[in-house]
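Trainee: missing the sequence, but the structure's below:
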């Protein structure tokens, strides 16, 4: 009988030991109740790639011109934006000179961005008024100057406006004003193209393209092209169609206007047609805004509201393009952060989570966002 009692006690102790081990594994407290977990995941989601991106292009047209000894349209003056005005007390006009060799004609082109008053735009060449007309806003104008009004040597040009009345005043806002003279002389060609800050931030590449009619060019010396005084091309073995890569660092491309120069030497002549600078950059094509809703049941909310638990947002982030600034909003709480590539954690203040919650995030960039979680966990000192 004693032997059977010993067996029963041994079996009982073994069973109790196994139950104790199992209780430790699953967090069950012997004596009633279960211990709270160290961490609760309140919501989780994989968003994948957010904010689509593709390559955009922008082209600046440089036109057609002649390089070297020969006849061609030579730029005499240029201004991106200028106002011409006339009133009782003041006036403002465009005035410039050009030293010609054998001029045959000239031309001035511009766009009228805005106008106030009832006056007319006029053009004087060598003191003679050759044009006067009232222009309308958004009009693109080209004013031609006959060779009879030009001369070898220095020629003076003036573009202004009349008042429109004895006591009236008039102002014209002009954009892309350019004056050229068809002349025979050894000439280079200097132009400019614009780069915007966002293009350089998301830069892909820049190309210069143009055509050279071989039958009208004298290719005895190299054609040289520089950007911001940095050489990007130097060759005389050119095809009729040419595309040149402009390296960003070598050309020292910068926001604003960048100077491009075409030149050659001695008796060489290059007819340049349809010169264009094309900038390629990454553009955002899809909104990077997202919104999700999630609920927290009563028991989990009790856990969140404990004094020894902390809440935070965790996610894995990988930038694709654009700004890495991310705006997050949960209820009345919001914050703008700059995530790093890889895991990120942002702590949440107490009391912002409730039974029903809405989370929103916005960005001007394109990125991947995965393993997104809002968690509550016991603090380290508890």
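Mentor: Okay, I see it. None of these values were measured; they are calculated from a predicted model.
Trainee: where do the helices sit along this structure?
Mentor: 2-26, 197-201, 248-251, 298-304 (DSSP state H).
Trainee: Return the list of helices and strands in contact with the second one.
Mentor: If I follow you right, that is helix 197-201. Secondary structure elements in contact with helix 197-201, counted by 3 or more CB pairs under 8 Å, 6 or more residues apart in numbering; DSSP states H and E, are strand 269-284. To be clear about C-beta, it is placed using only N, CA and C from the backbone, and glycine gets the same treatment.
Trainee: Could you check how far the strand it packs on is from the centre of its chain?
Mentor: Taking the mean of its C-alpha atoms, strand 269-284 sits 18 Å from the chain's own mean (CA atoms, centre = their mean, to the nearest Å).
Trainee: and what of stretch 89-98?
Mentor: Centroid separation for stretch 89-98 versus its chain: 36 Å, with CA atoms, centre = their mean.
Trainee: Would you tell me which strand is longest in the protein?
Mentor: strand 53-86 (DSSP state E).
Trainee: tell me which residues of it are tucked away?
Mentor: Buried residues in strand 53-86, counted by 16 or more other CB atoms under 10 Å: 53, 56, 60, 62-63, 65-77, 82, 84-86.
Trainee: if you average pLDDT over that strand, what comes out?
Mentor: For strand 53-86, mean pLDDT is 87.
Trainee: Excluding chain neighbours, give the residue nearest to residue 198 in space.
Mentor: residue 281 (7.2 Å; CB to CB, 6 or more residues apart in numbering).
Trainee: surely the one you found meets residue 206?
Mentor: No - using CB atoms under 8 Å, residue 281 is not in contact with residue 206, being 9.4 Å away.
Trainee: and the two? which has more neighbours close in?
Mentor: The residue with more neighbours, out of residue 281 and residue 206 and counting by other CB atoms under 10 Å, is residue 206; that gives 24 against 20.
Trainee: right, and the more buried one touches residue 260 too?
Mentor: No - the pair residue 206 and residue 260 fails to qualify as a contact (CB under 8 Å) at a distance of 10.5 Å.
Trainee: hey, what's in contact with both of the two?
Mentor: residue 277 (CB atoms under 8 Å, 6 or more residues apart in numbering).
Trainee: I figured residue 224 hits residue 260, correct?
Mentor: No - using CB under 8 Å as the test, residue 224 is too far from residue 260 to be in contact (11.5 Å).
Trainee: who has more neighbours, these two?
Mentor: Counted by other CB under 10 Å, residue 224 and residue 260 do not tie: residue 260 has more neighbours, with 22 against 19.
Trainee: For burial, what's the neighbour tally of the nearest residue to residue 210 once chain neighbours are set aside?
Mentor: In space, and not counting its chain neighbours, residue 210 is closest to residue 275: 4.1 Å by CB to CB, 6+ apart. The criterion is other CB under 10 Å. On that basis, residue 275 has 22 neighbouring residues.
Trainee: next one: residue 87
Mentor: A count of nearby residues for residue 87, using other CB under 10 Å, gives 17.
Trainee: ok, now residue 41?
Mentor: Each residue near residue 41 was counted by other CB under 10 Å, and the total is 13.
Trainee: now do residue 376
Mentor: The number of residues packed near residue 376 is 22, by other CB under 10 Å.
Trainee: so what's it bridging to?
Mentor: residue 40, residue 311 (DSSP bridges).
Trainee: quick one, what contacts it?
Mentor: Contact partners of residue 376, counting by CB under 8 Å, 6+ apart, are 39-40, 42, 300, 303-304, 309-311.
Trainee: Which parts of this structure belong to which domain?
Mentor: The chain is divided into the following domains under automatic domain parsing: 28-52+286-378, 55-283.
Trainee: Worst mean pLDDT among those?
Mentor: Between those, the model is least confident about domain 28-52+286-378 (mean pLDDT), which shows a mean of 85.
Trainee: how much distance is there from it to the middle of the chain?
Mentor: Counting by CA atoms, centre = their mean, domain 28-52+286-378 comes out at 31 Å from the chain centroid.
Trainee: same deal with stretch 46-57?
Mentor: What separates the centre of stretch 46-57 from the centre of its chain is 15 Å, taken as CA atoms, centre = their mean.
Trainee: give the contact list for residue 75.
Mentor: With CB under 8 Å, 6+ apart as the criterion, the residues that contact residue 75 are 65, 178-180, 189-191.
Trainee: Tell me what it is bridged to.
Mentor: Bridge pairing for residue 75 (DSSP bridges) gives the partners residue 180.
Trainee: Now do it against residue 69, distance only.
Mentor: The gap separating residue 75 from residue 69 is 17 Å, by CB to CB, to the nearest Å.
Trainee: How about residue 194?
Mentor: In this structure, residue 194 and residue 69 are 31 Å apart, going by CB to CB.
Trainee: With residue 197 instead?
Mentor: 40 Å.
Trainee: go on, residue 311?
Mentor: From residue 311 over to residue 69 (counting by CB to CB), the distance is 78 Å.
Trainee: now residue 183: how far from residue 97?
Mentor: Shown here: residue 183 relative to residue 97, a distance of 13 Å by CB to CB.
Trainee: could you list every residue that touches residue 339?
Mentor: 315, 317, 319, 324, 326, 367.
Trainee: for those, which one is nearest residue 48?
Mentor: Using CB to CB, residue 367 is the member of the contacts of residue 339 that lies nearest residue 48, at 10.1 Å.
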